[in-house]
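In: Got a predicted structure here, sequence first:
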Amino acid sequence: MPKIYIIHENEEWTEPLKVQLRTLGLKFDEWYLHRGQLDLSVPPPLGVFYNRMSASSHTRNHRYAAEHTAAVLSWLEGYGRRVINSSRALQLEISKVAQYTALNSHGIRTPRTVAAVGQEEILTAARSFDGPFITKHNRGGKGLGVRLFQNIDGLREYVDGPEFDSPIDGITLVQQYIVAPQPFITRCEFIGGEFLYAVRVDTSDGFLLCPADECQTEDAFGPPTSKFQIVKDFDHPILDRYRGFLADNETHIAGIEFILDKDGELFTYDINTNTNYNPTAETEAGVSGMRRIAEYLGDQLAEVIVHGADQRQVATC
């Protein structure tokens, strides 16, 4: 009997989804891909396969989880299985260069960014920026490597010092710092390719913006209610472009983050395909992202059961 398969490497981030799946009485299993093997000659089971692999998996000593997931997704897609957040979505998850080039090709503006490999190249890239700039890891998650610099001297001290944080893929991004009139960003959540809600995230305490409870610490964030707030009746023309972007990149569930500068210009700077939700903000707003994901996966499973092995087409709602 077909079921839902959750592909992941983080129990804490997956538990809220499992609660909702159980509540709806949906059959599911977990594929914990921090290690394993794959027999390419054996067909995968029938079902719906939800990819929740995270760019930050290596920070949990799961160094090759993303690479293993890429192999598994290729296997699933080769057999025509229904994959939620495809191989392309995984590419976007683990490479901000892939994100920015894809966003730009859809007419979605991103901050000016230079990808650099090597410490001297990072410094050279930074010299081409006027004013403040930030560094970040190409394969990030959890705000890895994100630092703000006012000038090249501060960057050199960091790059040449003991605190330099080398990216797992060797690629450091040097990026235009967008000066916002107020210290917040907006994250737009999509499920099944459709907009769910937007959440306003306070950035006054830094760039670590993971919304899950497991990411929150009193020292880093303060009270959760002051950091995340769902925006009532949010609407913006960018949502149509985001929908088209997600559809073209076979990314069905994602959070997309943008910031407005002092002139009201919108810059999109991050896509998270292993999206999490802040329970405090959701309780206050009376919505549940994980509940909606569970419902969406249930709808997809019902289609697979009806249509059998021909699972290549994925509905958007």
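Out: Thanks, I have the structure now. Keep in mind it's a predicted model, so treat the numbers as computed, not measured.

In: any idea which helix or strand carries the residue lying closest to residue 265 once chain neighbours are set aside?
Out: Distance criterion C-beta to C-beta, 6 or more residues apart in numbering; nearest residue to residue 265, sequence neighbours excluded, is residue 109 at 7.4 Å. (Each C-beta comes from the backbone N, C-alpha and C, glycine too.) Following DSSP states H and E, one finds residue 109 outside all helices and strands.

In: Residue 234 now?
Out: Using DSSP H and E, residue 234 falls within no helix or strand.

In: Based on its surroundings, how many neighbours for it?
Out: 14 (other C-beta atoms under 10 Å).

In: Quick one: residues contacting it.
Out: Residues in contact with residue 234, defined by C-beta atoms under 8 Å, 6 or more residues apart in numbering, are 186, 188, 197-198.

In: Looking at those, which is nearest residue 158?
Out: Within the contacts of residue 234, the smallest distance to residue 158 is 28.7 Å, found for residue 186 (C-beta to C-beta).

In: where does that closest one land in three-state SS?
Out: strand (DSSP: H, G, I helix; E, B strand; the rest coil).

In: And residue 161, by the same measure?
Out: coil.

In: mind listing the helices for the stretch 151-300 of the chain?
Out: 152-159, 218-221, 224-227, 238-248, 279-285, 289-307 (DSSP state H, counting those that start in this stretch).

In: One more: the stretch 1-150 of the chain?
Out: Using DSSP H, counting those that start in this stretch, helices in the stretch 1-150 of the chain cover 11-23, 65-78, 87-93, 96-105, 119-126.

In: Please identify the deepest-packed of the ones you listed.
Out: helix 87-93 (a mean of 23; mean count of other C-beta atoms under 10 Å).

In: what pLDDT, on average, does that one get?
Out: Taken as a whole, helix 87-93 carries a mean pLDDT of 98.

In: cool, stretch 162-180 as well?
Out: On average, stretch 162-180 scores 95.

In: Now find how far off-centre it is within its chain.
Out: With C-alpha atoms, centre = their mean, to the nearest Å as the basis, stretch 162-180 stands 17 Å off its chain's centre.

In: What residues of that stretch count as buried?
Out: 167-169, 171-178 (16 or more other C-beta atoms under 10 Å).

In: residues contacting the residue nearest to residue 265?
Out: Residue 109 makes contact with 103, 265-268, according to C-beta under 8 Å, 6+ apart.

In: if we go to 7 Å?
Out: Listed by C-beta atoms under 7 Å, 6 or more residues apart in numbering, the contact partners of residue 109 are 266-268.

In: Distance of it relative to residue 1?
Out: Residue 109 is 46 Å from residue 1, where distance means C-beta to C-beta, to the nearest Å.
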